[in-house]
Structures are given as C-alpha cells and as structure tokens.
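Sequence and predicted structure below; questions after.
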Amino acid sequence: MIVKEIYAAHEDKMKKALENLRREYGSLRAGRATPSLLEKVLVDYYGTPTPVNQVANISVPEPRMIIIQPWEKTMINAIDKAIQKSDLGLMPNSDGVVIRLSIPQLTQERRTEIVKVIHKKAEEARVAIRNLRRDANEGIKKSEKDKSVSEDEVKKAQDDIQKLTDKYIKEVELIMSAKEKEIMEV
C-alpha cells in the first residue's frame, strides 16, 4: 500500500513538471502571436503586480498581432510600460483605447538562441523528474527499513519508478522536439 502511494504521488509530481515545461514553452516567442506570450508580464495594478490577462482582454486577430484591451482605460500606460520592461522584445503601439503588439519575423540568429533556451528548459525538466525518481526510491527504501515492505516489493517498485521516469523523460523529449521544430519553421 505504501509503495502505491509513493508511486502515485511521484507520478503526479512528474505530470506537474511536464505541465510546467509546456507553460514555459508557451511563453517563448515563436514568431506567432499567442496570448500566452503575455502570461509572465506583470502590470502594477493599484500597487499589486498582476498578470496582464487579469486586467485586460487579450485577442489575436491576425497571426502576427496581439490586441490588448484594458478593462480600465487608466491601465493603458501601466500595461505599455510593463510590456516594454519585459524580456519579450516587443514594442507596444497604443491608441488610447487598445494596445497593439506586432510580432516580427524571427531572425535565424534569434531562432538558434530560442532553441538553446528550449534545450535548457528541457534539461531542467529532466533533472526535476530524475530528482523525483531519487525521492521515490528513497521513500521506498525507507519503508523497507521500517519492515513495512519486502525486498521483492522494493525491487519491483524501483523498476516501476524507473519505467515511470523513462516515460516522462521521453515525453519531455517529444515536447522539446515539437517546440524546436515550431521555432525553426520559417
């Protein structure tokens, strides 16, 4: 019973590591406009750092254009400044009612930089998954020392954890290669 609980808990954590990787990749600029580009941009909303999507409507009318329509007109300047300060490298264009962001074509140099970031984030996800494997194995060994599971159960549980780890690392590789292909697409 203890082994199943450890397995289930660590599988959930591995799923969360994958979700985190997908979220990180969503905020990378791929030359295409998506609302997720603005997820990490925080606006000063009455003294509180708040994500842009919580103070404005974000729409994508064209593949290379994002339109941000603040719920309060007084927020236009704050959103404008937050986008300029962000690491997106985009210049907002405001007409007093909405903010338009045009997404320029990526240069080959910028694409290779983004691919390096993709590989770095994938490695971070793999390390997180391997750390979870280590934690799970330590929990299993601890339960063996407590005499709550047999040696055979420990061996089988460690094999199952390894298979789970391999499955999620393979998933990281698939997500990484799909994002890399998307970035390198001209």
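Sure thing, it's come through. Numbers count the residues shown, from 1 in each chain.

And the longest helix along the chain, what does it pack against?
The single longest helix within the chain, with elements called by DSSP state H, is helix 108-145. For helix 108-145, the helices and strands in contact under the criterion 3 or more Cβ pairs under 8 Å, 6 or more residues apart in numbering; DSSP states H and E are helix 2-26, helix 151-184. All C-beta spots, glycine's among them, are computed from the backbone N, C-alpha and C.

Turn these into TSV, columns for distance to Thr34 and mean neighbour count.
Output for those, formatted as TSV (distance: least, Cβ to Cβ, whole Å; neighbours: other Cβ atoms under 10 Å):
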stretch	distance to Thr34	mean neighbour count
helix 2-26	7	16
helix 151-184	11	15
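
Export those to JSON lines and append columns for mean pLDDT.
What follows is the helices and strands packed on helix 108-145, written out as JSON lines (pLDDT from 0 to 100):
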{"stretch": "helix 2-26", "mean pLDDT": "87"}
{"stretch": "helix 151-184", "mean pLDDT": "90"}
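
Those: which one's closest to Glu62?
helix 151-184 (18.1 Å; Cβ to Cβ).

Domain map for the chain?
Domain assignment for the chain by automatic domain parsing gives 2-26+107-184, 35-102.

distance between the ends of the last one?
Start to finish, the residues bounding domain 35-102 are 12 Å apart (Cα to Cα, to the nearest Å).

Over to the first one?
In domain 2-26+107-184, first residue to last residue: 46 Å (Cα to Cα).

would CSV of the helices and strands packed on helix 108-145 with distance to Val43 be doable?
Shown next, in CSV, are the helices and strands packed on helix 108-145 (distance: least, Cβ to Cβ, whole Å):
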stretch, distance to Val43
helix 2-26, 19
helix 151-184, 27
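
And these: which comes nearest Glu109?
Proximity to Glu109 (Cβ to Cβ) singles out helix 151-184 among the helices and strands packed on helix 108-145, at 12.3 Å.

ok now the closest one, how far from the chain's centre?
Distance, stretch centre to chain centre, for helix 151-184: 17 Å (Cα atoms, centre = their mean, to the nearest Å).

Report all helices and strands that it contacts.
By 3+ Cβ pairs under 8 Å, 6+ apart, helix 151-184 packs against helix 2-26, helix 108-145.
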